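1. I'd like to go over a predicted model; first the sequence, then the structure.
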Amino acid sequence: AQSVTQLDSQVPVFEEAPVELRCNYSSSVSVYLFWYVQYPNQGLQLLLKYTSAATLVKGINGFEAEFKKSETSFHLTKPSAHMSDAAEYFCAVSDLDNDMRFGAGTRLTVKP
Amino acid sequence: DTEVTQTPKHLVMGMTNKKSLKCEQHMGHRAMYWYKQKAKKPPELMFVYSYEKLSINESVPSRFSPECPNSSLLNLHLHALQPEDSALYLCASSPAREGETDTQYFGPGTRLTVL
């Protein structure tokens, strides 16, 4: 069965500093990988997804992620953090049967 | 319309009550999902409907009963819940088109409190 591991439960950064949120996946078959963001008391918003078309995926709000098969990783990055980026970020993996599994989440805090 | 809507936004119920959560989408998606999310935890899959048929049931207690009246609507009927069932209940939908990466789009959730 597929799974993802988010290596950091919390990531603090200063405003305008670069952001990296780490995600490693485990699967024996082809997978689809996603990053979602959740603001307090809201649902999940899709940031970006990996569909095997390109290993570097660009998403909304200036985020991007690179699929590295040799490292089984799909880390989320942004060159410069904004205060509005503070939220919970979830990495997720899905197979062909619509069975999506989420990582434990990473809380991004942005300090002025 | 690119939204998944959920009603009510908040629900407080007693352990003997019967209530229902509703979810609606008008994106022509053919798969719909219920998730349960406890505080500071990731969403946990409960049920999946694909083409109006229940395709995944993650061994959820029978006090939760899903219903998919048509391809746009998904309900979650609640009966005799326990306080530990208090959580954010998220609905999602996805296109479920063969040959395409299936992406789930989430509603804002219903915050359920069981007293």
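-> That came through, no problem.

2. isn't B:Phe106 right up against A:Phe34?
-> No - shown here, B:Phe106 and A:Phe34 do not form a contact pair, counting by CB atoms under 8 Å, at 11.2 Å. Every C-beta, even on glycine, is put in place using the N, C-alpha and C of the backbone.

3. neighbour count winner among those two?
-> Between B:Phe106 and A:Phe34, A:Phe34 has the larger neighbour count (other CB atoms under 10 Å in any protein chain shown), namely 28 against 21.

4. does the helix or strand where the more buried one lies come close to chain B?
-> When secondary structure is defined by DSSP states H and E, A:Phe34 falls within strand A:32-38. Yes - taking CB under 8 Å from any CB of the partner chain as the criterion, strand A:32-38 and chain B are in contact, through A:32, A:34, A:36.

5. which residues of chain B lie near chain A?
-> Counting by CB under 8 Å from any CB, chain B comes close to chain A at B:4, B:6, B:31, B:33, B:40-43, B:45, B:48, B:50, B:55-56, B:88, B:90, B:92, B:94, B:96, B:101-109, B:111.

6. would you say A:Ser84 is within a helix?
-> Yes - secondary structure of A:Ser84, determined by DSSP: H, G, I helix; E, B strand; the rest coil: located in a helix.

7. nearest the geometric middle of the chain, what residue?
-> Picking chain A for this. Nearest to the geometric centre of chain A sits A:Trp35, at 3.6 Å (CA atoms, centre = their mean).

8. look at chain B instead
-> B:Trp34 (2.8 Å).

9. so what sits opposite that residue in the bridge?
-> When bridges are called by DSSP bridges, B:Trp34 pairs up with B:Phe47, B:Cys91.

10. isn't it up against B:Leu74?
-> Yes - the pair B:Trp34 / B:Leu74 is scored as a contact, 7.0 Å apart, by CB under 8 Å.

11. and the least confident helix or strand in chain A by mean pLDDT, anywhere near chain B?
-> Counting by mean pLDDT, DSSP states H and E, the weakest-scoring helix or strand in chain A turns out to be strand A:100-102, with a mean of 89. Yes - interface with chain B: strand A:100-102 contributes A:100-102 (CB under 8 Å from any CB).
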